[in-house]
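Chemist: model this:
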Amino acid sequence: MGKGNRMTLKYPAPLTLLQADQYAREVVAEAGPDHTYSLRETADGKGCLYVHNGEPDCIVARIMRRHGVPIEVLAQWENVGARDMCHLNEIAVRPIQFKRRELPALGLATGAAAEFLGHLQASQDSRIPWGEALERATRMARTAAHVTATTSLEGMNA
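Modeler: Reported below is the predicted structural model:
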């Protein structure tokens, strides 16, 4: 593709906690609550990937893809945690230096949503089934927001 035909990536509005919860429930329903992420071969050994064979692979990538984040963006953030990839707070005011490359500050999610995704990712990376990972992330979000237990996070303004 010539310079005149260069692809411009469009980013969706920042993901909210309510949207993250909704997309996570959809992803878990599709994969099944007992689904456990399969580690992939990487340059650094076995690990988790946002993108595998051109498709979103881990729970966070599947959520962000549903939200409209281009697969190319997810791929460039391999080996960077969900919180760093997504945050809209002070992390996002400057590019992030990672393994000698500069990654753009994306601001893909609100702080509460980025924390929720970070908890999901940490549980997944610890080989916890996605249904339980979702329960844990939801409990953490409720605790952080001082919300009473409900089926989902509906009603939260994050």
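Chemist: Sort out which residues of the helix or strand encompassing Ala144 are buried, please.
Modeler: If you go by DSSP states H and E, Ala144 is part of helix 130-145. Within helix 130-145, the residues scored as buried using 16 or more other C-beta atoms under 10 Å are 130-131, 133-134, 136-138, 140-141. C-beta: built from backbone N, CA, C; applies to glycine.
Chemist: ok, which stretches of the protein are strands?
Modeler: 40-42, 45-47, 51-52, 55-56, 96-98, 101-103 (DSSP state E).
Chemist: Let me know the average pLDDT across the first one.
Modeler: pLDDT averaged over strand 40-42 equals 79, rounded to a whole number.
Chemist: Quick check: neighbours of that strand in the sheet, parallel or antiparallel?
Modeler: strand 45-47 (antiparallel) (DSSP bridges).
Chemist: Touching the strand it pairs with from outside, list them.
Modeler: Applying C-beta atoms under 8 Å, 6 or more residues apart in numbering, the external contacts of strand 45-47 come out as 39-40, 79.
Chemist: Save those as a markdown table, and put in distance to Val73 too.
Modeler: Output for those, formatted as a markdown table (distance: C-beta to C-beta, whole Å):
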| residue | distance to Val73 |
| --- | --- |
| Leu39 | 23 |
| Arg40 | 19 |
| Asn79 | 14 |
